[in-house]
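Student: build me a model:
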Amino acid sequence: MRTTLTIDDDVAARIEERRRTNGQSLKQVVNQLLREGLRSSERQPEARRYRTKTHKLRLRSGFDAARLNQLVDELETEERVAREVVLRR
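Tutor: The predicted structure follows:
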């Protein structure tokens, strides 16, 4: 099949470099690159399963795991109050 293509300058330079390096004709290099591109686009990369490591939560004695949310709420409230005090100054 004959066709006319407009090839960007940077791509043409790389094709020419490959043509000179391999001692091939322009037609051979372009066909080889097109085949490689088509093959790579047909293959879908296999999705890797995301895994996360689990760790046992070992709290020190005296910590109640059920009250951690309450602690976070209290800390956020303290932070909010501190910001308001700074803004008022």
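Student: need the helices for the protein, in chain order.
Tutor: 9-22, 26-42, 68-88 (DSSP state H).
Student: so which of those comes closest to Met1?
Tutor: Among these, helix 26-42 comes nearest to Met1, with 10.8 Å by C-beta to C-beta. C-betas here are computed from N, CA, C, even on glycine.
Student: next, the angle from the closest one to helix 9-22.
Tutor: Helix 26-42 and helix 9-22 are oriented at 110 degrees to each other (axes from the mean of the first three to the mean of the last three C-alpha atoms, to 10 degrees).
Student: buried residues, helix 26-42. List them.
Tutor: Val29, Val30 (16 or more other C-beta atoms under 10 Å).
Student: now do it: everything it contacts.
Tutor: For helix 26-42, contacts defined as C-beta atoms under 8 Å, 6 or more residues apart in numbering pick out Ile15, Arg18, Arg19, Asn22, Gln24.
Student: you'd agree the first one is up against Ile7?
Tutor: Read that as Ile15. Yes - Ile15 lies in contact with Ile7 (C-beta atoms under 8 Å); the separation is 7.2 Å.
Student: which of those two has more neighbours?
Tutor: The neighbour comparison of Ile15 against Ile7 (other C-beta atoms under 10 Å) goes to Ile15, with 15 against 11.
Student: can you tell me how far the more buried one is from Ser41?
Tutor: Using C-beta to C-beta, to the nearest Å, Ile15 is found at 19 Å from Ser41.
Student: hmm, back to that, for Thr54, find the nearest of the helices of the chain.
Tutor: So among the helices of the chain, helix 68-88 is nearest, using C-beta to C-beta, at 17.7 Å.
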